[in-house]
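Here you go, sequence then predicted model.
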Amino acid sequence: MAEPTVFDLSVAGRTGVTFPEPDVPETALPKGFARSKLQLPEMSELEVVRHFTSISQKNYAIDLGFYPLGSCTMKYNPKINEVVSRLPGFAHTHPLQPFDTVQGNLYLMYTLQEMLKEIAGFEAVTLQPAAGAQGELVGTLIIHKYHQDRGDTQRTRMLIPDSAHGTNPASSAMLGFDVVPLPSDDRGNVDIEALKKLSDDRLAGLMFTNPNTLGLFDENVCEVVKIVHEAGGLVYGDGANMNALLGVFRPGDVGIDILHFNLHKTFSTPHGGGGPGSGPVAVQAHLADYLPDPVVGIVEEGDQDHAPLYDFITPAKTIGRIKAFHGHFGMHVRAFTYIAMLGQEGLRDVAEKAVLNANYLQEKLKGTYTLPYDRTCMHEFVLEGYWKDVPDIHALDIAKRLMDYNFHPPTNYFPLIVKEALMIEPTETESRETLDRFVDVMLKIAEEARTEPQLLHDAPHNTPVRRADELKAAKDLVFCCYPVEEWDLK
Ligand SMILES: *Cc1c(COP(=O)(O)O)cnc(C)c1O
């Protein structure tokens, strides 16, 4: 039986609030501001609480179970971050407050900029971008302006490896760059010969993800950067995979020009169900003047009696403001807390354990599932989600069947260069026992694929919503769950 919706539960006249009698004269709402007939469910407070509590329990979350969603770094979000971000001094400030009343917040932003510079080896950082993709937009805007300023206006090509995340070509295309795909070689690295052929005076830059989305560290990173620089281009580093590198490798040290971070991946700020992310961007010294306006700087040095004075500063050749106010400050507080709690040693430990966990799973699964690039992986790896002897089982069936065992599925059908891809990223926060349970389930599903394939085709069996018709969902969008009455615009 279908579960009742809030509209089925509605009883005319039932209410959860009682307003006092008004002590001012009643006036009509201005025309055009209210709908004459708005169908809202009429329910008591208890029923509303039960409704929301019940739907909150239908979601899967990192706080409920293993979430090996490759490329997304679904690590545990330590609760101390939440506590700190809710301190009144952080939570209750207004972005338009005079700067001398928010010196603590500015100190935090400045220090986070410094921490990120040190972690990745760069000279300057903006905290403004709201996500990795917006960081890419900032990076490509900077690349564009840099070439314009040098009169290099014929540089219109952006090279994007064929393993790249979809946001890379999208960001470049939004800026009007010609997106040129760059093939990978048979070890999963950028194809050096192809790169050389494409590196000429039309080259604006290369968007380079390392480790790439196969979970592989590009063995030729130094050569790749050198080739692009010699041709006059810039290298944009997609830093979404920094979790593998913390304390071990700094992209700035090998000459990468620009890099975005995903605070909501590497630095444990929540992915927030589509809510605020944060994608700070770091640049080398020669690009610092192009950063979005403003960055946080010291305007008066401190001494033993006075703390330094912080304020917002406009970089000389700035690409302009790209986000309202100062980015997602609550995320800056959480990431700052995470980094401060771990310290230098702790961050390196994160990367080492993330890589260890991924290699552990890869070793355990690679006999049963095909591993197309059989190398030591970094923080994630990509399997093929199909077998030649059971051709009607697909990656999607395996992913959906995992839900029956209370695991979130891996990323599937990405990267595009692996057939029926299953991209698995365990992160460092999972225990050996959880990894072993996941291995057991993956091996069991491989067996079920042969013995009881219908179990996989019909999965998931226990979720509130069974397998969605993805084609219908994409083609026949329903935005609203209740009937919309006409607006009173007369
Ligand atoms: C997640 C991701 C992005 C995009 O970041 P968002 O914060 O989701 O916009 C870009 N590149 C890679 C490799 C990613 O994993």
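Alright, I've got the coordinates.

ok, and does stretch 224-239 reach over to the ligand?
Yes - using CB under 6 Å from any ligand atom, we find that stretch 224-239 touches the ligand at Asp238. C-beta coordinates here come from the backbone N, C-alpha and C atoms, glycine included.

just use 287 as the starting number from now, easier for me
From this message on, residue numbering opens at 287, which makes the last subject stretch 510-525.

tell me which parts of the stretch 537-686 of the chain are close to the ligand?
Asn548, Gly563, Gly565.

what does the stretch 387-536 of the chain give?
Checking the stretch 387-536 of the chain against the ligand by CB under 6 Å from any ligand atom, the hits are Ala417, Gly418, Ala419, His451, Thr453, Thr495, Thr499, Asp524, Ala526, Asn527.

Out of these, name the ones that lie in strands.
Thr495, Asp524 (DSSP state E).

Low-confidence ranges, this protein, go.
287-288, 322, 558-561, 765-776 (pLDDT under 70).

ok, the residues of the stretch 387-536 of the chain next to the ligand vs the ligand, which is closest?
Gly418 (2.4 Å; CB to the nearest ligand atom).

Now do the contacts for the closest one.
Thr453, Asp524, Gly525, Ala526, His546, Phe547, Asn548, Lys551, Gly563, Gly565 (CB atoms under 8 Å, 6 or more residues apart in numbering).

Now the closest residue to the fifth one other than its chain neighbours: which helix or strand?
To tie it back to what came earlier, the one meant is His546. With CB to CB, 6 or more residues apart in numbering as the criterion, His546 has its nearest non-adjacent residue at 2.9 Å, and that residue is Gly421. In this assignment (DSSP states H and E), Gly421 forms part of helix 418-435.

before we move on, back to that, list just the nearest of the contacts of Gly418 to Leu373.
Gly563 (21.5 Å; CB to CB).

tell me the SS of that closest one?
Of the three states, Gly563 takes coil under DSSP: H, G, I helix; E, B strand; the rest coil.

now it: how far from Ile544?
Computed as CB to CB, to the nearest Å, the Gly563 to Ile544 distance reads 18 Å.

Looking at those two, which is more packed in?
Counted by other CB atoms under 10 Å, Gly563 and Ile544 do not tie: Ile544 has more neighbours, with 30 against 22.

so what's that one up against?
Gly425, Ile428, Ile429, Leu520, Val521, Tyr522, Gly523, Val567, Ala568, Val569, Gln570, Leu573.

can you redo those residues as CSV with neighbour count?
Converted to CSV, the contacts of Ile544 look like this (neighbours: other CB atoms under 10 Å):
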residue, neighbour count
Gly425, 32
Ile428, 27
Ile429, 27
Leu520, 27
Val521, 26
Tyr522, 32
Gly523, 28
Val567, 31
Ala568, 30
Val569, 27
Gln570, 18
Leu573, 23
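
Helices of the protein, residue ranges please.
Ranges of helices in the chain, per DSSP state H, are 292-295, 331-342, 365-371, 374-377, 389-406, 418-435, 453-460, 478-484, 507-516, 615-651, 681-690, 718-737, 739-744, 756-761.

I'd like to know which elements the second one is packed against.
The one in question is helix 331-342. When contacts are defined as 3 or more CB pairs under 8 Å, 6 or more residues apart in numbering; DSSP states H and E, helix 331-342 packs onto helix 292-295.

So which bits of the helix holding Gly421 are buried?
In terms of neighbour count (16 or more other CB atoms under 10 Å), helix 418-435 has its buried residues at 418-433.

Map the structural domains onto the sequence of the protein.
365-626, 631-761 (automatic domain parsing).

Ends of the longest one, what's the gap?
Read it as domain 365-626. End-to-end distance for domain 365-626, by CA to CA, to the nearest Å: 14 Å.

Between the contacts of Gly418, which sits nearest His380?
Gly563 (22.1 Å).

show me what contacts the closest one?
Residues in contact with Gly563, defined by CB under 8 Å, 6+ apart, are Ala416, Ala417, Gly418, Asn548, Leu549, His550, Thr555, His557, His614, Met617.

Just give me the neighbour total for the nearest residue to Tyr659 once chain neighbours are set aside.
What sits nearest to Tyr659 in space, not counting adjacent residues and going by CB to CB, 6+ apart, is Gly474, at 4.3 Å. Residues lying near Gly474 (other CB under 10 Å) number 26.

if I look at the closest residue to Ala735 other than its chain neighbours, how far off is Leu669?
The shortest distance from Ala735 to any non-neighbouring residue, by CB to CB, 6+ apart, is to Ile679 (4.6 Å). Separation of Ile679 from Leu669 (CB to CB): 13 Å.

which one of the two has more residues nearby?
Leu669 (25 against 22).

Pretty sure the more buried one sits against Gly653.
No - using CB atoms under 8 Å, Leu669 makes no contact with Gly653, being 11.0 Å away.

list the buried ones in stretch 570-580?
In stretch 570-580, counting by 16+ other CB under 10 Å, buried: Gln570, Leu573, Ala574, Asp575, Tyr576, Leu577, Pro578, Pro580.

what's near enough to touch the first one?
Remark: with contacts taken as CB under 8 Å, 6+ apart, Gln570 is in contact with Phe408, Glu409, Gly538, Gly541, Asp543, Ile544.

now swap in the last one and tell me
Each residue near Pro580 by CB under 8 Å, 6+ apart is listed here: Phe598, Ile599, Thr600, Pro601, Arg607, His612.

I would like a PyMOL command selecting only the buried ones among those residues, please.
Those of the contacts of Pro580 that count as buried under 16+ other CB under 10 Å are selected in PyMOL with:
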select buried, resi 601+612
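
Closest one of the contacts of Pro580 to the ligand?
His612 (17.9 Å).

can you tell me which residues contact that closest one?
Pro381, Met395, Leu413, Gln414, Pro580, Val582, Phe598.

Looking at the residues you listed, spot the one nearest Val641.
Distances from Val641 to these, taken by CB to CB, are shortest for Leu413, at 27.3 Å.

Give me the neighbour count for that closest one.
26.

distance of Gly616 from the ligand?
16 Å (CB to the nearest ligand atom, to the nearest Å).

burial measure for the nearest residue to that residue once chain neighbours are set aside, as a count.
Once flanking residues are discounted, Gly616 sits nearest to Ser371: 5.0 Å by CB to CB, 6+ apart. Neighbourhood size, Ser371 [other CB under 10 Å]: 19.

cool, the one 3 residues further on as well?
Under the neighbour criterion other CB under 10 Å, Pro374 is assigned a count of 7.

Pro364 too?
16.

now Asp589
Neighbours of Asp589 (other CB under 10 Å): 8.

again with the one 3 residues further on
Neighbour count for His592, taken as other CB under 10 Å: 9.

re earlier: ok, the contacts of Gln570 vs the ligand, which is closest?
Nearest member of these to the ligand, counting by CB to the nearest ligand atom, is Ile544, at 13.5 Å.

partner residues bridging the closest one?
Per DSSP bridges, the residues bridged to Ile544 are Tyr522, Val569.
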